[in-house]
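J.: everything below, folded, please.
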Amino acid sequence: MSAEAIEIVLRDGRHVVLREMTPDDAPAMSVYLARLSPTAPYIVVLPDEVPTPEEYVERIRRYADRPGSLALVAHEPDTAHEIIADCGILAGQHRQLRHTTMLGMSVLKEWRGSGLGRAMLERVIAWARARESVWRIELGVMHTNDAAIRLYESVGFVPEGRRRRMFRQPDGTLLDDISMALWVGPEPPPVQPH
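T.: This next block holds a predicted model:
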């Protein structure tokens, strides 16, 4: 892991610290997700499924235990344990997948549109490019989340597939999952024919 903490200024002039998530953030992450979930229709966790702080400790340890993984949080400079956004990549567990990471990110409603999501995403991508072990970043995004799809495409992610009716919303609506990926590794050799 290991990414230095930095302070950035957003488009609207607000200051935010981006830093690596630690096990001490588990209680704040649980509060963050409980606050986020009711206002974020594009995350999978429903309000009654928010992990406990103890469950978050285990999630955070997974990032620490897998080389090529990074979990960042964002907060205002004077409120280190009031998380406003998170972004991370988790490397594959098996040797044939360790060069591939899965990206997840979220931003509280009142911080969306400020450039915070882009800043976190660019920070994670730059960190990944600097690692010899990370070659590919994958993500899934609900097909109706146009703002996220535009953001991901603007930093180089390309759509690679669509999983139909992947997500069932509380009202019964079914949404597709758009699989996207960004290659950050060396020039890949050709795919072997079968």
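
J.: what about the strands in this protein?
T.: 6-9, 15-20, 70-75, 85-91, 100-107, 136-142, 158-168, 174-183 (DSSP state E).

J.: tell me where the model's unsure across this structure.
T.: 1 (pLDDT under 70).

J.: do that again at 80, thanks
T.: When residues are selected by pLDDT under 80, those of the chain lie in 1-2, 188-190, 194.

J.: look up phi and psi at A3.
T.: Main-chain torsions, A3, degrees, to the nearest 10: phi -130, psi 130.

J.: was I right to think it contacts R123?
T.: Yes - using CB atoms under 8 Å, A3 makes contact with R123 at a distance of 7.3 Å. Every C-beta, even on glycine, is put in place using the N, C-alpha and C of the backbone.

J.: quick check: neighbours shared by these two?
T.: Overlap of the contact sets of A3 and R123 (by CB atoms under 8 Å, 6 or more residues apart in numbering) consists of L72.

J.: now stretch 147-166: how far from the chain's centre is it?
T.: 13 Å (CA atoms, centre = their mean, to the nearest Å).

J.: for it, buried residues please.
T.: Judged by neighbour count (16 or more other CB atoms under 10 Å), stretch 147-166 contains these buried residues: A148, I149, L151, Y152, F157, M166.

J.: what's the end-to-end length of stretch 138-147?
T.: The first and last residues of stretch 138-147 sit 17 Å apart, counting by CA to CA, to the nearest Å.

J.: if you could redo that for stretch 183-194, that was the one I meant.
T.: Termini of stretch 183-194 sit 23 Å apart (CA to CA).

J.: that older thread, distance to D48 added to the strands of the chain, as a markdown table?
T.: Shown next, in a markdown table, are those (distance: least, CB to CB, whole Å):
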| stretch | distance to D48 |
| --- | --- |
| strand 6-9 | 34 |
| strand 15-20 | 29 |
| strand 70-75 | 23 |
| strand 85-91 | 20 |
| strand 100-107 | 17 |
| strand 136-142 | 20 |
| strand 158-168 | 15 |
| strand 174-183 | 20 |
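
J.: narrow the buried residues of stretch 147-166 to those in helices?
T.: A148, I149, L151, Y152 (DSSP state H).

J.: what about the last one, distance to A181?
T.: Using CB to CB, to the nearest Å, we find Y152 at a distance of 10 Å from A181.

J.: who's in contact with I83?
T.: Remark: with contacts taken as CB under 8 Å, 6+ apart, I83 is in contact with D25, A28, M29, V31, Y32, V73, A74, H75.

J.: residues in contact with the first one?
T.: What that stands for is D25. Residues near D25 by CB under 8 Å, 6+ apart: Y56, I60, V73, H81, I83.

J.: go again with 10 Å.
T.: Counting by CB atoms under 10 Å, 6 or more residues apart in numbering, D25 touches 19, 32, 53, 56-57, 60, 71, 73, 75, 80-81, 83, 86.

J.: rewinding a little: quick check, nearest of the ones in helices among the buried residues of stretch 147-166 to A64?
T.: Taking CB to CB as the measure, A64 lies nearest Y152 of these, at 25.8 Å.
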